[in-house]
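**Q** Turn this into a structure:
(one chain, ligands or ions: 1)
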Amino acid sequence: MESIPTTRGIGEGIARRIRSGIALFADHHEGMAFLGGSGAEARYSVPSRSRPGLKRFVRLSGEGDSCTCPDFSCSGLGCCAHTVAAMIADSKRVEHRVEARHDSRFGEMFDLVEYRGGRRSRVVAVCLSYNDALMARMDLAGFPKAAA
Ligand SMILES: [Zn+2]
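**A** Below you'll find the predicted structure:
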């Protein structure tokens with residue numbers, strides 16, 4: 001009998017939920033919705049695969065994730081297919097913020113910063129004046145909050 005391959009350091013229970021979360025995201029990502037959140041906290045509704053029409057509610061956060069499905073509350077693993085699907089969606093979520101920064105040569109400066117899944121990933125532009133920062137902030141008001 002061939003043994004089931006597992007990712008080193010991850011038990012089969014978690015590996016199985018990662019695989020079904022990837023499949024869930026691939027098949028049902030149109031049915032998922034970003035419900036809100038800021039920084040590392042994000043809330044999603046994720047369709048159930050076993051019960052079509054039913055939604056599960058996921059909360060991702062730095063202190064631990066949660067889901068309303070029975071698998072999450074029974075397994076004790078701290079993950080399920082829905083939290084995995086939500087993590088994939090969250091890695092694609094882009095937020096833009098204007099951040100003030102002190103520069104030794106120019107004084108007060110404003111950076112336009114891109115965040116993905118709560119992580120600062122890239123400085124898109126540097127704004128040199130308060131007016132520029134204000135303009136950028138106004139432009140960003142029209143940015144979609146969720147791009148999942
Ligand atoms: Zn779940």
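**Q** Check which residues of the lengthiest helix in the chain are buried.
**A** With secondary structure taken from DSSP state H, the chain has its longest helix at helix 12-28. By neighbour count on 16 or more other Cβ atoms under 10 Å, the buried set for helix 12-28 is Ile14, Arg17, Ile18, Ser20, Gly21, Leu24, Phe25. (Glycine included, C-beta is placed from N, CA and C.)
**Q** Could you report the distance from the nearest residue to the fifth one once chain neighbours are set aside to Phe110?
**A** On the basis of Cβ to Cβ, 6 or more residues apart in numbering, the spatially nearest residue to Gly21 that is not a chain neighbour turns out to be Val84, at 2.4 Å. Spatial separation of Val84 from Phe110 under the definition Cβ to Cβ, to the nearest Å is 37 Å.
**Q** Can you pick out the residue with more neighbours from the two?
**A** More crowded of Val84 and Phe110, by other Cβ atoms under 10 Å: Val84, with 24 against 21.
**Q** So that one belongs to a helix, correct?
**A** Yes. According to DSSP: H, G, I helix; E, B strand; the rest coil, Val84 belongs to a helix.
**Q** Show me how the record splits this structure into domains.
**A** When the chain is parsed with automatic domain parsing, its domains come out as 12-92, 94-140.
**Q** now the ones you listed as JSON lines including distance to the ion and mean pLDDT?
**A** Output for the domains of the chain, formatted as JSON lines (distance: least, Cβ to the ion, whole Å; pLDDT from 0 to 100):
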{"stretch": "domain 12-92", "distance to the ion": "3", "mean pLDDT": "91"}
{"stretch": "domain 94-140", "distance to the ion": "19", "mean pLDDT": "70"}
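**Q** Need the winner for burial among those.
**A** Of all those, domain 12-92 carries the top mean neighbour count, a mean of 17, counting by mean count of other Cβ atoms under 10 Å.
**Q** quick one: which two of the buried residues of helix 12-28 are the most distant?
**A** Greatest spatial distance in these: Ile14 and Phe25, 16.3 Å, computed using Cβ to Cβ.
**Q** The spatially most central residue of the chain: which element?
**A** The centroid of the chain falls nearest to Asp90 when counting by Cα atoms, centre = their mean (1.9 Å). Taking DSSP states H and E as the criterion, Asp90 maps to helix 81-92.
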